[in-house]
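# Sequence first, predicted model second:
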Amino acid sequence: MRPKTHAYPIRYLFAPFIALISLFWMTGCANPEIDTQTNKSSLRVMHMGEKNSQLRIEINGDTRTQLPYGKSSGYIQLTPGTYTIKAYANGEAVASLTQVIDVKEQEKSSWIVFRGENSLQATLANDIQGEVDKDNTKLRVVMATRAKSDVDVYRSEDKDSTLFANLTYKDISTYEDILSGKRTLTLVQDGQYKVEATIETPILEKGKAYTLILDGQLQETDNANIKASLFQDEGDGRLEATIKAEVDISVQIGAKASLRVSHMASAITEPIELQVDGTVKADINADTTTGFLDIATGQHTVALRNRVTGQLLATKEMDLKKDQKYDLFVVNSKTGAELLTNVQTETPNKEKPKLRILQTVKGTESFQVRSSDALFASFGVAKNNTMTAYQTLNPNTFTLNFVAEGKAAFTAIFDAMTLEKNKLYTIVLRGDWRGESKKDLQVYLFEDDDKGVLKRILTMNEKSRIVPTLMTFHSEAMTNAKLLIDGKVETTFDKTSGAIIKALARGTHEITLTNEARTETLAKTTLQLTSRKAHSVFIAETLSGFQLKTIEDSPKPPAQEDEALIRVVNLSSLGSILNVKTERGLKFVQSLGQSASSGFKAVISGAWKLNLFATDIIPGDILATINAELQAKQTYTLLIEDGANSQANLKQHVDFRLINHTNLKK
């Protein structure tokens with residue numbers, strides 16, 4: 001009988017083979033490799049080198065990954081040891097970068113490839129070790145972009161607290177706590193230009209750590225762009241999201257505004273330090289200007305400090321727009337100094353200059369500003385610490401007169417200045433007007449071109465301190481005559497000319513009216529001027545010829561926005577006492593004698609119908625009527641003159657004539 005045989009399962013036949021293979025694996029592998037034991041380490045490769053390039057990564061001669069730009073290999077598990085890593089760009093046979101690194105036991109790290117000046121560079125960074133507390137979120141920043149100056153990263157909700165400070169190219173920050181959820185971060189680069197970029201992250205989870213790599217253009221160029229790549233430092237460590245930062249156009253690199261700061265505060269004699277966002281931009285001595293400085297567009301905090309004492313004088317938040325010009329005038333205030341802001345939007349006139357005025361005088365609310373040139377428009381009222389609009393002028397030499405409004409009629413006269421066509425100018429009027437003995441004004445003339453320099457400083461003429469106002473009016477019947485004051489021709493009257501205003505020193509003056517050739521004197525008078533009275537000279541036509549009649553008035557009262565100023569002056573040869581009434585019989589002016597003035601009074605603007613009566617000529621008879629349209633904030637004189645048909649025995653023939661002398665020729 002044959003002996004009994006045994007059948008073995010096939011798996012037993014492979015056992016020796018499996019044992020042999022295992023022995024070979026454990027003894028024949030010379031390089032550290034993937035390890036499933038507890039001492040495993042994790043290495044991740046991040047490609048932030050050349051854009052639009054592929055990197056083939058070799059670890060100890062084995063190709064481990066192909067990486068597009070901005071991507072991560074994810075964590076590769078390695079046994080602790082020394083490794084040679086090579087990066088091949090775009091399929092090249094020669095490695096673009098070779099580096100030997102040490103991988104330590106149970107360590108997570110990232111090998112980050114950057115672009116260098118002429119070749120690739122890499123940095124080995126330690127990633128967060130161990131688990132993150134379940135209630136916390138961690139974030140770090142890697143700078144893969146170049147910048148001319150350090151970059152700070154803020155939480156957008158807390159710009160007073162820097163999250164990551166002074167980052168430069170290839171910097172890798174520490175991990176910092178950050179709130180979970182969607183977060184908004186602001187990047188700020190300070191330098192000659194300032195850029196702010198806003199990054200909105202996806203949801204950051206509690207118990208997780210993240211790496212945010214910043215890349216893009218942070219140079220002084222108008223096509224600035226910043227990209228952020230967010231990687232999770234947990235799990236496989238791959239790319240979480242790519243975020244394009246929002247670079248506000250108002251703070252775009254290279255977009256500039258112009259800022260000029262002028263030290264016009266007479267109460268502060270020390271130099272002032274100009275700071276923009278905490279950076280000192282200029283020191284400004286009293287009565288000088290910085291000229292226009294290039295400042296990056298966007299939100300800025302402008303601060304002024306006394307450079308000697310360090311005292312903070314004033315601050316202002318400004319939103320500077322591209323290519324705009326901004327003026328800051330430092331002027332006196334009750335607390336020391338304040339900043340007056342003005343934006344220049346005016347376009348120059350190719351044929352003429354333009355001028356505006358800022359009035360900062362102590363002791364008065366406003367000035368009437370007039371030019372010596374009859375062709376110039378009046379600047380109207382320059383209110384305290386308020387800028388007038390630009391006025392178009394003629395390109396020649398002229399003087400400016402500043403007539404103070406209030407109790408004392410007083411005109412400040414300045415030396416002649418020359419303005420050029422196709423240019424903008426600003427005048428700052430400053431000084432002290434708090435008493436007759438203290439009256440002292442200065443004119444600061446600035447050019448508003450790209451440099452914005454202080455061109456001239458002018459002081460008042462001596463006669464300005466004692467100058468009242470003189471107005472002259474001529475008869476409509478008179479033509480081609482000359483008016484002389486103290487022997488000097490002031491104006492020539494013709495059919496189209498009206499009134500003039502003239503500033504004269506206090507004292508005695510001779511007023512003469514001649515024919516055009518100055519061969520015949522038509523009328524003459526002597527005028528005694530005092531500093532606190534307004535004087536008017538009228539050229540009146542009478543039966544015996546022309547006469548110069550003088551009227552002395554108190555200064556004009558202030559007018560409200562809806563009011564006009566008007567006075568009634570009797571120049572007629574009528575010897576009666578005159579009354580002026582409204583259409584409804586209400587008294588407008590009463591008991592007005594010969595060669596007399598009612599004085600200026602404020603009335604509601606609009607249409608007025610006024611009737612003239614005499615007390616001794618047929619009671620109730622109207623001698624003359626006028627329909628007057630009085631405009632708000634305008635000044636008028638209503639003249640009562642002899643009528644064209646007046647005769648010695650027919651004196652009731654009189655006329656009304658309304659003159660608007662708000663904008664008198666100078």
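That came through fine. Numbers count the residues shown, from 1 in each chain.
# show me where the chain has helices.
Using DSSP state H, the helices of the chain run over residues 10-28.
# how close does residue 511 get to residue 178?
84 Å (Cβ to Cβ, to the nearest Å). In short, each C-beta sits where N, CA and C put it, glycine included.
# I meant residue 447, not that one.
Separation of residue 447 from residue 178 (Cβ to Cβ): 51 Å.
# cool, residue 661 as well?
Going from residue 661 to residue 178 by Cβ to Cβ gives 72 Å.
# so what's the residue lying closest to residue 128 once chain neighbours are set aside up against?
Among residues not flanking residue 128 along the chain, residue 209 sits closest, at 4.3 Å (Cβ to Cβ, 6 or more residues apart in numbering). Contact analysis of residue 209 by Cβ atoms under 8 Å, 6 or more residues apart in numbering lists 127-128, 132, 137-140, 175, 232-234.
# Please name whichever of these scores lowest on pLDDT.
Between the contacts of residue 209, the one the model trusts least by pLDDT is residue 234, at 82.
# can you give me phi and psi for that residue?
With angles defined as degrees, to the nearest 10, residue 234 sits at phi -120, psi 170.
# So the residue nearest the centre of the chain versus residue 114, what's the distance?
Nearest to the mean C-alpha position of the chain, by Cα atoms, centre = their mean, lies residue 326 at 3.2 Å. Look at residue 326 and residue 114: by Cβ to Cβ, they are 40 Å apart.
# Residue 130 too?
Separation of residue 130 from residue 114 (Cβ to Cβ): 27 Å.
# Between these two, which has more neighbouring residues?
Counted by other Cβ atoms under 10 Å, residue 130 and residue 114 do not tie: residue 114 has more neighbours, with 23 against 8.
# Quick check: closest non-adjacent residue to that one.
Of all residues not flanking residue 114 in the chain, residue 121 sits nearest, at 4.9 Å (Cβ to Cβ, 6+ apart).
# what's near enough to touch the one you found?
Counting by Cβ under 8 Å, 6+ apart, residue 121 makes contact with 97, 113-115, 170.
# And stretch 209-229, end to end?
Start-to-end span of stretch 209-229 (Cα to Cα, to the nearest Å) is 14 Å.
# returning to what we had before: from what I can see the residue nearest to the centre of the chain touches residue 340, true?
No - here residue 326 lies out of contact with residue 340, judged by Cβ atoms under 8 Å, at a distance of 11.2 Å.
# Could you list the low-confidence segments of the stretch 401-550 of the chain?
401, 403-416, 433-439, 461-470, 474-478, 494-506, 530-534, 542-543 (pLDDT under 70).
# Could you rerun that using 90?
Filtered on pLDDT under 90, the stretch 401-550 of the chain yields the residue ranges 401-421, 427, 429-444, 449-511, 513-519, 522-523, 525-550.
# can you list the domain ranges for the chain.
By the assignment in automatic domain parsing, the chain contains the domains 30-127, 132-254, 256-461, 468-553, 563-660.
# tell me, which of those is the model least confident about?
When mean pLDDT is averaged over each of the domains of the chain, domain 468-553 scores lowest at a mean of 76.
# Now residue 142: closest residue in space that isn't a chain neighbour?
Spatially, and ignoring its direct neighbours in sequence, residue 142 is nearest to residue 213 (4.4 Å; Cβ to Cβ, 6+ apart).
# cool, and residue 481?
Nearest residue to residue 481, sequence neighbours excluded (Cβ to Cβ, 6+ apart): residue 493, at 4.9 Å.
# What is the burial count for the one you found?
Around residue 493 there are 23 other residues, counting by other Cβ under 10 Å.
# chain center to stretch 569-588: distance?
How far stretch 569-588 lies from its chain's middle: 54 Å, per Cα atoms, centre = their mean, to the nearest Å.
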